[in-house]
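Here is a sequence together with a model predicted from it:
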Amino acid sequence: TKFKGILRSKKAALSQKDFDTFKEKSHQLYSWLLAPIDVNTNHVLIVSDSGYPAIPFEALIKTKDTINAKINYASLDYLIRDWIVSYTTSLKNYSYNKKNKIVLNNDSKIVAFAYSANTDEDKGNAIFRSTKFSELSGAAKEVKFISQLFENRDGQFYFGKDSNRDNFFDEVKKNYDVMHLALHAEADMENPLNNRLYFRDVATGKLSKPVYSFEISELDLKVNLVVLSSCSTGDGIVFESEGTHSLTRAFMEAGAGEVVSALWDVEDIATSKVVKGFYLEMKKGREVEVALQKAKILYLKTSDQYLGFPGYWSGLVNWK
């Protein structure tokens, strides 16, 4: 959709014309899709099984703002301020995958991988978590933050050469509350079996052979929550009545209870901020979709008029 294309392009946040276009398209979609519906709850499940790509409904704005008003994306009347939104590829999959409420605490068992330098230090210059394959300083920060927030002996946190395919395939055999993957990723828009995640090579520390969707979907995964803090992990080819065939779908087919993933190529530092807020809220006992909502609202509160653009914060969504 044109709206999703606007969100993908971070440069669109800079001009007055683009600001007005965003507001017009966002409010127009809200008026078409949601305003006519009498919603008497603030918990909303979006069934994304049409022939259209998933869009972040929480980035729609309810109030039509004045044209030529001063640029300030952070202050707009986004749906996220009132609605707690989650998604599913189909009601059948939602019923099948529905498990017990996911609650995290100090005893939660977490495994996490960061596409980072050879240590967990703040090194890296990549802007997006796509296929440029530079170091991700934001990914390193968020994984280190998670390791310190959930301080227990059962967690495993991988950086540098340790963040590799071999360790990934070893860890997926174990039981975890959360698997967190802050990596480079790519959606294949021709063959959904080839959607892929990129780890480091165990010997050289450079880019390794990717892990493909078809490998992931064949796993017997024993993880309550998978967080794919990586580019386009919720994107892919869209099929009518089936929705998007993405890395998200592969992890759910493998047995993940819920997934948080990205609808486009997400920006490294902004994503890291949202992820940190998410885990802070999860540790308070929040449900996944509630924690993600509160993390996004916090991001908006601490952003300037440009970094409040939804292309930075709305790409991570919760799948059930």
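Yes, it's here.

ok, how many other residues are close to the residue lying closest to Gln293 once chain neighbours are set aside?
Excluding its sequence neighbours, the residue lying closest to Gln293 (CB to CB, 6 or more residues apart in numbering) is Ile84, at 4.9 Å. Using the backbone N, CA and C atoms, a C-beta is placed for each residue, glycine as well. Look at Ile84: counted by other CB atoms under 10 Å, it has 22 neighbours.

Is Lys64 in contact with His27, as I believe?
Yes: applying CB atoms under 8 Å, one finds Lys64 in contact with His27, separated by 4.9 Å.

out of the two, which sits in the more crowded spot?
With neighbours defined as other CB under 10 Å, Lys64 and His27 compare such that His27 has more, 19 against 14.

Mind telling me what element the more buried one is part of?
helix 16-33 (DSSP states H and E).

Show me what that helix is packed up against.
For helix 16-33, the packing partners by 3 or more CB pairs under 8 Å, 6 or more residues apart in numbering; DSSP states H and E come out as helix 2-8.

starting at the chain centroid, how far to the helix it packs on?
16 Å (CA atoms, centre = their mean, to the nearest Å).

Tell me the buried residues in that helix?
The neighbour-count check on helix 2-8 (16 or more other CB atoms under 10 Å) flags 3-4, 6-8 as buried.

next one: stretch 140-148
Under 16+ other CB under 10 Å, the buried positions of stretch 140-148 are 140-147.

Helices of the chain, start to end?
In the chain, the helices defined using DSSP state H lie at 2-8, 16-33, 91-97, 137-149, 165-171, 213-217, 247-254, 268-283, 288-301, 310-313.

Quote the end-to-end distance of stretch 160-175.
Using CA to CA, to the nearest Å, the gap from the first to the last residue of stretch 160-175 comes to 23 Å.

Give me the contacts around it.
109, 111, 113-120, 156, 158, 179, 183, 199-205, 208-209, 211, 219-223 (CB atoms under 8 Å, 6 or more residues apart in numbering).

which of those are buried?
Using 16+ other CB under 10 Å as the burial test, the contacts of stretch 160-175 include 109, 111, 113-117, 120, 156, 158, 179, 183, 199-200, 208, 211, 219, 221, 223 as buried.

Tell me how many other residues crowd the closest residue to Pro210 other than its chain neighbours.
Distances taken as CB to CB, 6+ apart put Arg196 closest to Pro210, at 3.7 Å, once the chain neighbours are dropped. Per other CB under 10 Å, the neighbour tally for Arg196 reads 22.

Also Leu263?
Count around Leu263 with other CB under 10 Å applied: 26.

Look up how far Leu104 lies from it.
Using CB to CB, to the nearest Å, we find Leu263 at a distance of 24 Å from Leu104.

same deal with Ile237?
Ile237 sits 33 Å away from Leu104, taking CB to CB as the criterion.

what separates the helix holding His27 from the chain centre, distance-wise?
In terms of CA atoms, centre = their mean, the centre of helix 16-33 is set 23 Å apart from its chain centre.

Let me see the residues that make contact with that helix.
2-3, 6, 12-13, 55, 57, 59-65, 67-68, 71, 73, 76, 79, 309.

What pLDDT is listed against the closest residue to Asn195 other than its chain neighbours?
Closest residue in space to Asn195, ignoring its immediate chain neighbours: Ser213 at 4.1 Å, by CB to CB, 6+ apart. pLDDT, Ser213: 97.
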